[in-house]
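Trainee: what shape does this take:
(chains A and B)
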Amino acid sequence: MAEQGVTPQSEDFNAWYTDVVQRADLADYAPVRGSMIIKPYGYALWENIQAALDARFKATGHQNAYFPLFIPQSFMQKEAEHVEGFAPELAIVTHGGGKELEEPLVVRPTSETVIGHAFANWIQSYRDLPLLINQWANVVRWELRTRLFLRTMEFLWQEGHTAHATQAEAQAETMQMLDVYADFARDQAALPVIKGRKSDQERFAGADATYSIEAMMRNRWALQSGTSHNLGQNFAKAFDIKYLDENNELQFCWTTSWGLSTRMVGAIIMGHGDDQGLRLPPRLAPIQVVAVPIFRNDDQKSDVMEAITAAVQELQDAGIRVHLDNRENVNPGFKFNDWEMRGVPVRLEVGPKDVEKNSVALARRDVPGKEGKQFVDRPQMLSTVTGLLDSIHENMLREAAEFRDAHLHEAATFDEMVEILEAGDWALAPYDGSAEAEDKVQEATKATSRCFPLDQEPLPQGTACVITGRDAIGKAYFARAY
RNA sequence: CGGGGUGUGGCGCAGUUGGCUAGCGCGCUGCGUUUGGGACGCAGAGGUCGCCGGUUCGAGUCCGGCCACCCCGACCA
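Mentor: Down below sits the predicted model:
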(Lines give C-alpha, C1' and ligand atoms only; values in the text may rest on other atoms or scores of the structure.)
Protein backbone atom coordinates (compact mmCIF):
# COMPACT_ATOMS: atom_id res chain seq x y z
CA MET A 1 0.00 0.00 0.00
CA ALA A 2 1.42 3.30 -1.03
CA GLU A 3 1.67 6.06 1.53
CA GLN A 4 -1.53 8.05 1.20
CA GLY A 5 -1.16 10.51 4.00
CA VAL A 6 0.83 13.68 4.41
CA THR A 7 4.39 13.98 5.70
CA PRO A 8 4.15 13.78 9.53
CA GLN A 9 4.71 17.07 11.30
CA SER A 10 7.43 15.61 13.47
CA GLU A 11 9.39 14.50 10.42
CA ASP A 12 9.36 17.80 8.53
CA PHE A 13 6.93 20.51 9.51
CA ASN A 14 7.40 22.59 6.38
CA ALA A 15 6.88 19.57 4.13
CA TRP A 16 3.78 18.74 6.15
CA TYR A 17 2.47 22.24 5.52
CA THR A 18 3.09 22.16 1.79
CA ASP A 19 1.56 18.68 1.57
CA VAL A 20 -1.55 19.62 3.47
CA VAL A 21 -2.21 22.80 1.54
CA GLN A 22 -2.12 20.91 -1.72
CA ARG A 23 -3.64 17.60 -0.72
CA ALA A 24 -6.55 19.27 1.02
CA ASP A 25 -7.17 21.34 -2.13
CA LEU A 26 -6.71 24.68 -0.42
CA ALA A 27 -4.30 26.12 -2.96
CA ASP A 28 -2.09 25.39 -5.90
CA TYR A 29 1.04 26.86 -7.37
CA ALA A 30 0.51 29.34 -10.19
CA PRO A 31 2.54 29.86 -13.38
CA VAL A 32 4.29 32.91 -11.94
CA ARG A 33 6.82 32.30 -9.20
CA GLY A 34 5.60 33.30 -5.79
CA SER A 35 1.96 33.64 -6.69
CA MET A 36 -0.75 31.18 -5.85
CA ILE A 37 -4.09 29.85 -6.98
CA ILE A 38 -6.58 29.70 -4.14
CA LYS A 39 -8.80 26.70 -4.83
CA PRO A 40 -12.50 26.58 -3.96
CA TYR A 41 -12.05 24.85 -0.59
CA GLY A 42 -9.37 27.34 0.47
CA TYR A 43 -11.34 30.25 -0.89
CA ALA A 44 -14.46 29.14 0.98
CA LEU A 45 -12.40 29.24 4.17
CA TRP A 46 -11.25 32.76 3.29
CA GLU A 47 -14.84 33.79 2.56
CA ASN A 48 -15.86 32.64 6.02
CA ILE A 49 -13.00 34.65 7.52
CA GLN A 50 -14.12 37.66 5.49
CA ALA A 51 -17.73 37.33 6.57
CA ALA A 52 -16.87 37.11 10.26
CA LEU A 53 -14.47 40.06 10.12
CA ASP A 54 -16.67 42.18 7.91
CA ALA A 55 -19.54 41.84 10.37
CA ARG A 56 -17.23 43.03 13.15
CA PHE A 57 -16.03 45.98 11.09
CA LYS A 58 -19.59 47.05 10.36
CA ALA A 59 -20.54 46.60 14.01
CA THR A 60 -17.77 49.04 14.96
CA GLY A 61 -19.00 51.64 12.49
CA HIS A 62 -16.79 51.08 9.45
CA GLN A 63 -17.89 51.23 5.84
CA ASN A 64 -16.45 49.35 2.91
CA ALA A 65 -15.12 51.13 -0.16
CA TYR A 66 -12.69 50.31 -2.95
CA PHE A 67 -9.57 52.18 -4.00
CA PRO A 68 -7.52 51.57 -7.15
CA LEU A 69 -4.80 48.99 -7.69
CA PHE A 70 -2.52 51.52 -9.39
CA ILE A 71 -0.85 54.26 -7.44
CA PRO A 72 1.14 57.13 -8.99
CA GLN A 73 4.76 56.51 -8.10
CA SER A 74 5.08 60.00 -6.67
CA PHE A 75 2.47 59.15 -4.01
CA MET A 76 4.69 56.42 -2.61
CA GLN A 77 7.48 58.95 -2.16
CA LYS A 78 5.62 61.48 -0.06
CA GLU A 79 6.16 59.81 3.29
CA ALA A 80 9.87 59.35 3.96
CA GLU A 81 9.85 56.11 5.98
CA HIS A 82 7.13 54.64 3.80
CA VAL A 83 9.22 55.02 0.62
CA GLU A 84 12.26 53.50 2.19
CA GLY A 85 10.34 50.61 3.71
CA PHE A 86 8.49 49.58 0.59
CA ALA A 87 10.90 50.49 -2.20
CA PRO A 88 12.54 47.04 -2.35
CA GLU A 89 9.27 45.18 -2.77
CA LEU A 90 7.37 47.29 -5.27
CA ALA A 91 6.06 46.09 -8.60
CA ILE A 92 6.03 49.05 -10.97
CA VAL A 93 4.14 49.41 -14.24
CA THR A 94 6.15 51.43 -16.75
CA HIS A 95 4.18 50.74 -19.92
CA GLY A 96 0.53 50.90 -20.87
CA GLY A 97 -1.23 50.65 -24.18
CA GLY A 98 2.07 49.98 -25.85
CA LYS A 99 3.61 53.24 -24.69
CA GLU A 100 5.92 54.20 -21.91
CA LEU A 101 4.02 56.02 -19.18
CA GLU A 102 4.70 59.63 -18.24
CA GLU A 103 4.71 58.56 -14.61
CA PRO A 104 5.22 54.94 -13.61
CA LEU A 105 2.41 53.32 -11.62
CA VAL A 106 3.06 51.35 -8.48
CA VAL A 107 0.95 48.25 -7.97
CA ARG A 108 -0.28 48.86 -4.43
CA PRO A 109 1.69 47.12 -1.69
CA THR A 110 -0.77 48.78 0.73
CA SER A 111 -3.04 51.78 0.26
CA GLU A 112 -2.15 54.44 2.83
CA THR A 113 -1.06 56.80 0.07
CA VAL A 114 -4.04 56.65 -2.32
CA ILE A 115 -6.46 56.61 0.56
CA GLY A 116 -4.63 59.48 2.22
CA HIS A 117 -5.01 61.42 -1.01
CA ALA A 118 -8.76 60.74 -1.05
CA PHE A 119 -9.17 61.52 2.64
CA ALA A 120 -7.57 64.91 2.10
CA ASN A 121 -10.37 65.71 -0.35
CA TRP A 122 -13.13 64.22 1.73
CA ILE A 123 -12.34 65.82 5.05
CA GLN A 124 -13.05 69.51 5.62
CA SER A 125 -14.41 69.85 9.10
CA TYR A 126 -14.39 68.11 12.46
CA ARG A 127 -17.95 67.12 11.55
CA ASP A 128 -16.48 64.78 8.89
CA LEU A 129 -14.61 62.88 11.58
CA PRO A 130 -14.03 60.18 12.44
CA LEU A 131 -13.84 58.74 8.94
CA LEU A 132 -13.93 54.96 9.17
CA ILE A 133 -13.20 53.05 5.95
CA ASN A 134 -12.26 49.49 5.08
CA GLN A 135 -11.44 47.84 1.80
CA TRP A 136 -11.12 44.22 0.73
CA ALA A 137 -8.40 44.01 -1.87
CA ASN A 138 -5.37 42.31 -3.32
CA VAL A 139 -1.92 43.78 -2.83
CA VAL A 140 1.47 43.00 -4.33
CA ARG A 141 4.85 42.84 -2.64
CA TRP A 142 7.82 41.55 -4.57
CA GLU A 143 8.96 38.85 -2.17
CA LEU A 144 12.13 36.86 -2.68
CA ARG A 145 11.11 33.86 -0.70
CA THR A 146 7.49 32.78 -0.78
CA ARG A 147 5.30 30.15 0.82
CA LEU A 148 1.67 29.33 0.07
CA PHE A 149 -0.64 31.60 2.12
CA LEU A 150 2.16 32.74 4.44
CA ARG A 151 4.01 34.93 2.00
CA THR A 152 3.06 35.26 -1.64
CA MET A 153 3.80 38.10 -4.03
CA GLU A 154 0.12 38.83 -4.40
CA PHE A 155 -2.20 38.28 -1.48
CA LEU A 156 -5.73 39.09 -0.42
CA TRP A 157 -6.50 41.10 2.66
CA GLN A 158 -8.58 43.82 4.15
CA GLU A 159 -7.08 47.15 5.04
CA GLY A 160 -8.88 49.55 7.31
CA HIS A 161 -8.05 53.23 7.14
CA THR A 162 -9.40 55.80 9.53
CA ALA A 163 -8.94 59.48 10.30
CA HIS A 164 -9.59 61.13 13.65
CA ALA A 165 -9.57 64.52 15.29
CA THR A 166 -7.29 63.62 18.16
CA GLN A 167 -4.34 61.42 18.93
CA ALA A 168 -6.32 59.76 21.71
CA GLU A 169 -9.12 58.81 19.34
CA ALA A 170 -6.68 57.40 16.84
CA GLN A 171 -4.99 55.38 19.55
CA ALA A 172 -8.37 54.10 20.77
CA GLU A 173 -9.23 53.03 17.21
CA THR A 174 -5.87 51.28 16.82
CA MET A 175 -6.44 49.30 19.98
CA GLN A 176 -10.09 48.60 19.23
CA MET A 177 -9.20 46.97 15.91
CA LEU A 178 -6.41 44.98 17.50
CA ASP A 179 -9.05 43.67 19.90
CA VAL A 180 -11.35 42.89 16.99
CA TYR A 181 -8.59 40.74 15.45
CA ALA A 182 -7.78 39.02 18.72
CA ASP A 183 -11.44 38.29 19.42
CA PHE A 184 -11.94 37.02 15.91
CA ALA A 185 -8.90 34.75 16.25
CA ARG A 186 -10.17 33.34 19.54
CA ASP A 187 -13.91 33.14 18.85
CA GLN A 188 -13.86 32.11 15.18
CA ALA A 189 -10.47 30.56 14.47
CA ALA A 190 -9.97 29.02 17.93
CA LEU A 191 -6.51 30.55 18.00
CA PRO A 192 -5.29 32.13 21.19
CA VAL A 193 -3.11 35.09 20.27
CA ILE A 194 -0.84 37.46 22.07
CA LYS A 195 -1.54 41.13 21.58
CA GLY A 196 1.47 43.35 21.68
CA ARG A 197 3.43 46.27 20.34
CA LYS A 198 6.17 45.81 17.77
CA SER A 199 9.76 46.92 18.21
CA ASP A 200 11.00 49.79 16.04
CA GLN A 201 12.59 47.37 13.58
CA GLU A 202 9.33 45.51 13.13
CA ARG A 203 7.20 48.63 12.98
CA PHE A 204 5.27 49.46 9.79
CA ALA A 205 7.09 51.93 7.56
CA GLY A 206 5.44 55.25 8.33
CA ALA A 207 3.69 54.35 11.57
CA ASP A 208 4.22 55.84 15.01
CA ALA A 209 3.40 52.47 16.55
CA THR A 210 2.52 49.04 15.23
CA TYR A 211 0.57 46.45 17.19
CA SER A 212 0.02 42.85 16.22
CA ILE A 213 -1.54 39.60 17.22
CA GLU A 214 1.00 36.80 17.37
CA ALA A 215 0.00 33.16 17.18
CA MET A 216 2.09 30.10 17.95
CA MET A 217 2.21 27.44 15.26
CA ARG A 218 2.51 23.72 16.02
CA ASN A 219 6.26 23.87 15.40
CA ARG A 220 6.38 26.74 17.91
CA TRP A 221 7.27 29.35 15.32
CA ALA A 222 5.46 32.64 15.66
CA LEU A 223 3.11 33.95 13.01
CA GLN A 224 2.08 37.59 12.95
CA SER A 225 -1.57 37.18 12.08
CA GLY A 226 -2.97 40.68 12.07
CA THR A 227 -1.63 44.21 12.53
CA SER A 228 -2.96 47.57 13.64
CA HIS A 229 -1.01 50.80 13.19
CA ASN A 230 -1.27 54.19 14.77
CA LEU A 231 0.03 56.37 11.95
CA GLY A 232 0.13 59.54 14.03
CA GLN A 233 0.10 62.56 11.73
CA ASN A 234 2.74 61.17 9.37
CA PHE A 235 0.42 60.49 6.47
CA ALA A 236 -1.80 63.44 7.33
CA LYS A 237 1.18 65.70 6.87
CA ALA A 238 2.40 63.94 3.73
CA PHE A 239 -1.04 64.08 2.09
CA ASP A 240 -2.38 67.22 3.67
CA ILE A 241 -5.28 65.60 5.50
CA LYS A 242 -6.62 68.55 7.51
CA TYR A 243 -9.83 69.65 9.19
CA LEU A 244 -11.22 72.79 10.72
CA ASP A 245 -11.89 72.31 14.41
CA GLU A 246 -14.65 73.92 16.52
CA ASN A 247 -12.51 77.04 16.89
CA ASN A 248 -12.14 77.44 13.14
CA GLU A 249 -8.50 76.41 13.32
CA LEU A 250 -6.92 74.12 10.74
CA GLN A 251 -5.60 70.87 12.25
CA PHE A 252 -3.91 67.78 10.87
CA CYS A 253 -5.84 64.55 11.30
CA TRP A 254 -4.60 61.52 13.16
CA THR A 255 -4.86 58.35 11.11
CA THR A 256 -4.73 54.59 11.60
CA SER A 257 -4.57 51.53 9.41
CA TRP A 258 -5.04 47.86 10.17
CA GLY A 259 -4.94 44.69 8.13
CA LEU A 260 -5.50 40.97 8.17
CA SER A 261 -4.61 38.82 5.18
CA THR A 262 -4.94 35.36 3.66
CA ARG A 263 -2.00 34.59 5.90
CA MET A 264 -4.69 33.87 8.50
CA VAL A 265 -5.46 30.72 6.50
CA GLY A 266 -1.86 29.67 7.13
CA ALA A 267 -2.28 30.43 10.81
CA ILE A 268 -5.31 28.17 10.99
CA ILE A 269 -3.54 25.37 9.15
CA MET A 270 -0.36 25.52 11.22
CA GLY A 271 -2.00 26.41 14.50
CA HIS A 272 -4.35 23.42 14.56
CA GLY A 273 -3.20 20.76 12.10
CA ASP A 274 -1.97 17.31 13.08
CA ASP A 275 -0.29 14.34 11.39
CA GLN A 276 -3.60 13.39 9.76
CA GLY A 277 -3.83 16.78 8.09
CA LEU A 278 -6.02 19.80 8.62
CA ARG A 279 -8.18 20.46 11.64
CA LEU A 280 -10.48 23.33 10.82
CA PRO A 281 -12.16 25.41 13.50
CA PRO A 282 -15.91 24.65 13.26
CA ARG A 283 -17.05 28.25 12.92
CA LEU A 284 -14.90 28.86 9.84
CA ALA A 285 -14.86 25.39 8.28
CA PRO A 286 -16.37 25.43 4.76
CA ILE A 287 -17.88 22.04 5.58
CA GLN A 288 -18.87 21.61 9.22
CA VAL A 289 -20.39 18.16 8.88
CA VAL A 290 -19.65 15.57 6.23
CA ALA A 291 -22.23 12.83 5.81
CA VAL A 292 -21.01 9.37 4.78
CA PRO A 293 -23.54 6.72 3.81
CA ILE A 294 -22.72 3.05 4.35
CA PHE A 295 -24.46 0.11 2.68
CA ARG A 296 -23.86 -3.35 1.21
CA ASN A 297 -26.54 -3.80 -1.40
CA ASP A 298 -29.23 -1.93 -3.28
CA ASP A 299 -31.91 -2.57 -0.64
CA GLN A 300 -29.74 -1.12 2.04
CA LYS A 301 -28.65 1.65 -0.25
CA SER A 302 -32.13 3.01 -0.78
CA ASP A 303 -32.94 2.87 2.94
CA VAL A 304 -29.65 4.45 3.93
CA MET A 305 -29.80 7.17 1.30
CA GLU A 306 -33.30 8.07 2.32
CA ALA A 307 -32.31 8.31 5.97
CA ILE A 308 -29.11 10.23 5.36
CA THR A 309 -30.71 12.67 2.95
CA ALA A 310 -33.30 13.52 5.56
CA ALA A 311 -30.58 13.92 8.18
CA VAL A 312 -28.56 16.21 5.92
CA GLN A 313 -31.65 18.27 5.20
CA GLU A 314 -32.42 18.70 8.87
CA LEU A 315 -28.88 19.93 9.58
CA GLN A 316 -28.92 22.24 6.60
CA ASP A 317 -32.23 23.72 7.66
CA ALA A 318 -30.64 24.49 11.00
CA GLY A 319 -27.98 26.52 9.20
CA ILE A 320 -25.18 23.97 9.45
CA ARG A 321 -22.83 23.61 6.47
CA VAL A 322 -23.19 19.96 5.46
CA HIS A 323 -21.77 17.96 2.59
CA LEU A 324 -23.14 14.57 1.57
CA ASP A 325 -20.34 12.40 0.22
CA ASN A 326 -22.23 10.11 -2.12
CA ARG A 327 -19.24 8.99 -4.16
CA GLU A 328 -19.62 5.34 -5.05
CA ASN A 329 -16.14 4.72 -6.36
CA VAL A 330 -14.51 4.91 -2.94
CA ASN A 331 -15.44 3.03 0.19
CA PRO A 332 -16.37 4.57 3.55
CA GLY A 333 -12.94 3.97 5.06
CA PHE A 334 -11.34 6.02 2.34
CA LYS A 335 -13.84 8.81 2.87
CA PHE A 336 -13.15 8.88 6.61
CA ASN A 337 -9.47 9.43 6.01
CA ASP A 338 -10.05 11.83 3.17
CA TRP A 339 -12.30 14.15 5.17
CA GLU A 340 -10.07 13.95 8.20
CA MET A 341 -7.18 15.12 6.03
CA ARG A 342 -9.40 17.98 4.89
CA GLY A 343 -10.13 18.92 8.45
CA VAL A 344 -13.93 18.63 8.56
CA PRO A 345 -14.89 18.95 12.25
CA VAL A 346 -17.76 16.43 12.38
CA ARG A 347 -18.48 13.25 10.43
CA LEU A 348 -21.96 11.84 10.28
CA GLU A 349 -22.30 8.17 9.38
CA VAL A 350 -25.53 6.42 8.51
CA GLY A 351 -25.46 2.68 7.89
CA PRO A 352 -27.97 -0.19 7.90
CA LYS A 353 -27.72 -0.60 11.66
CA ASP A 354 -28.54 3.06 12.14
CA VAL A 355 -31.54 2.81 9.87
CA GLU A 356 -32.73 -0.15 11.88
CA LYS A 357 -32.18 1.53 15.25
CA ASN A 358 -33.14 5.02 14.09
CA SER A 359 -29.75 6.35 15.10
CA VAL A 360 -26.71 7.98 13.54
CA ALA A 361 -22.98 7.82 14.25
CA LEU A 362 -21.11 11.07 14.92
CA ALA A 363 -17.32 11.36 14.97
CA ARG A 364 -15.35 14.43 15.96
CA ARG A 365 -12.13 15.38 14.16
CA ASP A 366 -10.40 16.72 17.25
CA VAL A 367 -10.62 13.38 19.10
CA PRO A 368 -9.14 10.59 16.98
CA GLY A 369 -10.46 7.04 16.71
CA LYS A 370 -13.28 5.34 18.61
CA GLU A 371 -13.04 7.74 21.51
CA GLY A 372 -14.32 10.52 19.32
CA LYS A 373 -17.20 8.50 17.88
CA GLN A 374 -20.66 8.16 19.37
CA PHE A 375 -24.00 6.74 18.36
CA VAL A 376 -26.98 8.93 19.06
CA ASP A 377 -30.70 8.44 18.59
CA ARG A 378 -31.93 10.20 15.50
CA PRO A 379 -34.07 12.74 17.39
CA GLN A 380 -30.97 13.87 19.29
CA MET A 381 -28.86 14.32 16.15
CA LEU A 382 -29.29 18.05 15.64
CA SER A 383 -28.74 19.05 19.24
CA THR A 384 -25.74 16.73 19.48
CA VAL A 385 -24.16 18.16 16.32
CA THR A 386 -24.74 21.73 17.48
CA GLY A 387 -23.18 20.88 20.82
CA LEU A 388 -20.29 19.09 19.13
CA LEU A 389 -19.42 22.07 16.97
CA ASP A 390 -19.18 24.29 20.03
CA SER A 391 -17.35 21.67 22.00
CA ILE A 392 -14.81 21.14 19.23
CA HIS A 393 -14.23 24.87 19.04
CA GLU A 394 -13.64 25.09 22.79
CA ASN A 395 -11.42 22.04 22.78
CA MET A 396 -9.27 23.27 19.89
CA LEU A 397 -8.89 26.64 21.59
CA ARG A 398 -7.96 24.97 24.87
CA GLU A 399 -5.45 22.65 23.20
CA ALA A 400 -3.83 25.52 21.35
CA ALA A 401 -3.65 27.64 24.51
CA GLU A 402 -2.15 24.80 26.52
CA PHE A 403 0.37 24.08 23.81
CA ARG A 404 1.32 27.73 23.63
CA ASP A 405 1.57 28.23 27.39
CA ALA A 406 3.76 25.15 27.69
CA HIS A 407 6.25 26.79 25.34
CA LEU A 408 6.42 30.30 26.78
CA HIS A 409 9.23 30.95 29.24
CA GLU A 410 10.62 33.94 31.04
CA ALA A 411 14.33 34.60 30.75
CA ALA A 412 16.27 36.51 33.38
CA THR A 413 19.60 36.49 31.56
CA PHE A 414 20.86 36.47 28.00
CA ASP A 415 22.14 32.90 28.43
CA GLU A 416 18.73 31.74 29.59
CA MET A 417 17.14 33.49 26.66
CA VAL A 418 19.45 31.79 24.18
CA GLU A 419 18.83 28.43 25.82
CA ILE A 420 15.06 28.83 25.54
CA LEU A 421 15.22 30.01 21.94
CA GLU A 422 17.61 27.28 20.89
CA ALA A 423 15.18 24.74 22.32
CA GLY A 424 12.59 26.28 19.96
CA ASP A 425 10.37 27.96 22.55
CA TRP A 426 9.45 31.60 23.06
CA ALA A 427 11.37 33.70 25.53
CA LEU A 428 9.90 36.64 27.44
CA ALA A 429 12.54 39.03 28.74
CA PRO A 430 13.20 42.66 29.59
CA TYR A 431 14.34 44.37 26.39
CA ASP A 432 15.48 47.88 25.57
CA GLY A 433 13.80 47.86 22.16
CA SER A 434 17.01 48.54 20.26
CA ALA A 435 17.94 47.17 16.87
CA GLU A 436 21.40 46.17 18.01
CA ALA A 437 19.96 43.99 20.79
CA GLU A 438 17.58 42.36 18.38
CA ASP A 439 20.39 41.71 15.91
CA LYS A 440 22.45 40.09 18.62
CA VAL A 441 19.61 37.70 19.49
CA GLN A 442 19.02 36.95 15.84
CA GLU A 443 22.65 36.15 15.22
CA ALA A 444 22.75 33.82 18.18
CA THR A 445 19.41 32.08 17.67
CA LYS A 446 17.69 33.23 14.44
CA ALA A 447 14.84 34.45 16.62
CA THR A 448 13.51 38.01 16.49
CA SER A 449 11.42 40.10 18.81
CA ARG A 450 7.76 39.40 18.27
CA CYS A 451 6.17 42.00 20.50
CA PHE A 452 5.99 43.70 23.85
CA PRO A 453 2.83 41.99 25.12
CA LEU A 454 0.20 44.48 26.25
CA ASP A 455 -0.68 42.25 29.15
CA GLN A 456 2.23 43.08 31.48
CA GLU A 457 3.02 45.13 34.54
CA PRO A 458 5.32 48.13 34.14
CA LEU A 459 8.90 47.09 34.92
CA PRO A 460 10.46 48.34 38.15
CA GLN A 461 12.57 51.42 37.56
CA GLY A 462 16.03 50.53 36.29
CA THR A 463 15.29 46.97 35.14
CA ALA A 464 18.09 46.01 32.76
CA CYS A 465 17.65 44.66 29.22
CA VAL A 466 18.93 41.06 29.33
CA ILE A 467 20.70 41.62 26.03
CA THR A 468 22.43 44.98 26.38
CA GLY A 469 22.24 45.73 30.09
CA ARG A 470 20.72 49.13 29.34
CA ASP A 471 17.36 50.18 30.78
CA ALA A 472 14.60 47.95 29.47
CA ILE A 473 11.39 49.52 28.19
CA GLY A 474 9.33 46.40 28.85
CA LYS A 475 9.28 42.65 28.53
CA ALA A 476 9.18 41.34 24.98
CA TYR A 477 8.67 37.94 23.44
CA PHE A 478 11.37 36.61 21.17
CA ALA A 479 10.80 33.63 18.86
CA ARG A 480 11.50 32.14 15.48
CA ALA A 481 8.98 33.60 13.10
CA TYR A 482 7.58 33.10 9.62
C1' C B 1 20.39 37.29 -4.33
C1' G B 2 23.94 33.25 -2.17
C1' G B 3 24.06 27.66 -1.04
C1' G B 4 21.72 22.85 -2.09
C1' G B 5 18.31 19.89 -4.94
C1' U B 6 14.81 18.48 -8.76
C1' G B 7 12.66 18.69 -13.85
C1' U B 8 10.39 11.65 -17.60
C1' G B 9 1.76 10.46 -18.73
C1' G B 10 -2.54 14.06 -13.68
C1' C B 11 0.76 12.71 -9.05
C1' G B 12 5.16 9.96 -7.08
C1' C B 13 9.27 7.72 -9.22
C1' A B 14 12.69 4.07 -12.16
C1' G B 15 15.44 4.19 -16.58
C1' U B 16 21.40 8.26 -17.04
C1' U B 17 28.62 2.86 -18.70
C1' G B 18 24.29 6.24 -25.44
C1' G B 19 20.89 1.20 -28.77
C1' C B 20 15.82 -0.23 -31.36
C1' U B 21 8.17 -0.60 -29.31
C1' A B 22 10.35 4.64 -22.51
C1' G B 23 8.68 1.36 -17.76
C1' C B 24 6.44 0.90 -12.57
C1' G B 25 3.03 2.43 -8.52
C1' C B 26 -1.04 5.63 -7.52
C1' G B 27 -4.80 8.20 -9.96
C1' C B 28 -8.20 8.31 -14.41
C1' U B 29 -12.20 5.59 -18.01
C1' G B 30 -15.55 1.10 -18.72
C1' C B 31 -17.73 -3.48 -16.71
C1' G B 32 -18.41 -6.66 -12.50
C1' U B 33 -17.82 -7.92 -7.35
C1' U B 34 -17.17 -4.84 -2.83
C1' U B 35 -18.46 -0.89 1.11
C1' G B 36 -19.15 0.46 9.75
C1' G B 37 -11.35 2.91 9.07
C1' G B 38 -7.44 4.06 3.13
C1' A B 39 -11.19 -2.80 -1.45
C1' C B 40 -10.46 -6.29 -5.67
C1' G B 41 -10.61 -8.49 -10.73
C1' C B 42 -10.64 -7.83 -15.97
C1' A B 43 -10.24 -4.45 -20.06
C1' G B 44 -8.54 0.50 -21.53
C1' A B 45 -6.92 5.79 -22.23
C1' G B 46 -2.90 8.85 -21.41
C1' G B 47 4.27 10.74 -22.61
C1' U B 48 7.11 16.78 -28.17
C1' C B 49 11.48 12.70 -21.46
C1' G B 50 11.61 21.41 -18.83
C1' C B 51 13.45 24.55 -23.29
C1' C B 52 17.29 25.73 -27.07
C1' G B 53 21.62 24.25 -29.38
C1' G B 54 25.77 20.74 -30.06
C1' U B 55 28.35 15.70 -30.43
C1' U B 56 26.76 10.96 -32.83
C1' C B 57 24.67 6.20 -37.64
C1' G B 58 21.56 6.75 -33.19
C1' A B 59 20.36 11.17 -27.27
C1' G B 60 15.61 10.56 -21.75
C1' U B 61 20.91 9.09 -21.34
C1' C B 62 26.96 12.79 -23.25
C1' C B 63 28.38 18.39 -23.73
C1' G B 64 27.02 23.81 -23.53
C1' G B 65 23.50 27.49 -22.52
C1' C B 66 18.78 28.95 -20.70
C1' C B 67 14.19 28.42 -17.87
C1' A B 68 11.15 26.78 -13.93
C1' C B 69 10.06 24.90 -9.24
C1' C B 70 11.31 23.10 -4.23
C1' C B 71 14.45 23.28 0.32
C1' C B 72 18.03 26.19 3.42
C1' G B 73 19.91 31.31 4.39
C1' A B 74 19.75 37.16 3.99
C1' C B 75 14.74 40.77 3.53
C1' C B 76 9.40 40.94 4.69
C1' A B 77 2.19 40.91 6.36
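
Trainee: quick one: buried residues of stretch A:421-435?
Mentor: By neighbour count on 16 or more other C-beta atoms under 10 Å, the buried set for stretch A:421-435 is A:421, A:425-434. No exception for glycine: its C-beta is placed from N, CA and C like everyone else's.

Trainee: whoops, stretch A:81-93 was the one
Mentor: Of all the residues in stretch A:81-93, those buried under the rule 16+ other C-beta under 10 Å are A:82-83, A:85-86, A:90.

Trainee: for RNA strand B, what's the nearest residue on the stretch 201-350 of chain A?
Mentor: Here the residue of the stretch 201-350 of chain A nearest RNA strand B is A:Gly333; by C-beta to the nearest atom of the strand that distance is 2.6 Å.

Trainee: and the stretch 101-250 of chain A, by the same measure?
Mentor: Closest contact between the stretch 101-250 of chain A and RNA strand B, by C-beta to the nearest atom of the strand, is at A:Arg145 (3.2 Å).

Trainee: ok, what's across the strand from the closest residue to that residue other than its chain neighbours?
Mentor: Spatially, and ignoring its direct neighbours in sequence, A:Arg145 is nearest to A:Arg151 (7.0 Å; C-beta to C-beta, 6 or more residues apart in numbering). Listed by DSSP bridges, the beta-bridge partners for A:Arg151 are A:Arg147.

Trainee: was I right to think A:Arg151 contacts A:Thr262?
Mentor: No. Look at A:Arg151 against A:Thr262 with C-beta atoms under 8 Å: they stay out of range, at 10.3 Å.

Trainee: who's more crowded, these two?
Mentor: A:Thr262 (24 against 17; other C-beta atoms under 10 Å).

Trainee: list the residues that contact that one.
Mentor: If a contact means C-beta atoms under 8 Å, 6 or more residues apart in numbering, then A:Thr262 has A:38, A:46, A:149, A:152, A:155-157 as its contacts.

Trainee: again with A:Phe452
Mentor: Residues near A:Phe452 by C-beta under 8 Å, 6+ apart: A:196-197, A:199, A:431, A:433, A:473-476.

Trainee: filter those to the buried ones?
Mentor: A:196-197, A:199, A:431, A:433, A:473-476.

Trainee: would you turn the residues you listed into JSON lines with secondary structure and distance to RNA strand B?
Mentor: Converted to JSON lines, these look like this (DSSP: H, G, I helix; E, B strand; the rest coil; distance: C-beta to the nearest atom of the strand, whole Å):
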{"residue": "A:Gly196", "secondary structure": "strand", "distance to RNA strand B": "13"}
{"residue": "A:Arg197", "secondary structure": "strand", "distance to RNA strand B": "13"}
{"residue": "A:Ser199", "secondary structure": "coil", "distance to RNA strand B": "11"}
{"residue": "A:Tyr431", "secondary structure": "strand", "distance to RNA strand B": "17"}
{"residue": "A:Gly433", "secondary structure": "coil", "distance to RNA strand B": "15"}
{"residue": "A:Ile473", "secondary structure": "coil", "distance to RNA strand B": "20"}
{"residue": "A:Gly474", "secondary structure": "strand", "distance to RNA strand B": "20"}
{"residue": "A:Lys475", "secondary structure": "strand", "distance to RNA strand B": "21"}
{"residue": "A:Ala476", "secondary structure": "strand", "distance to RNA strand B": "16"}
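
Trainee: many thanks, have a good one.
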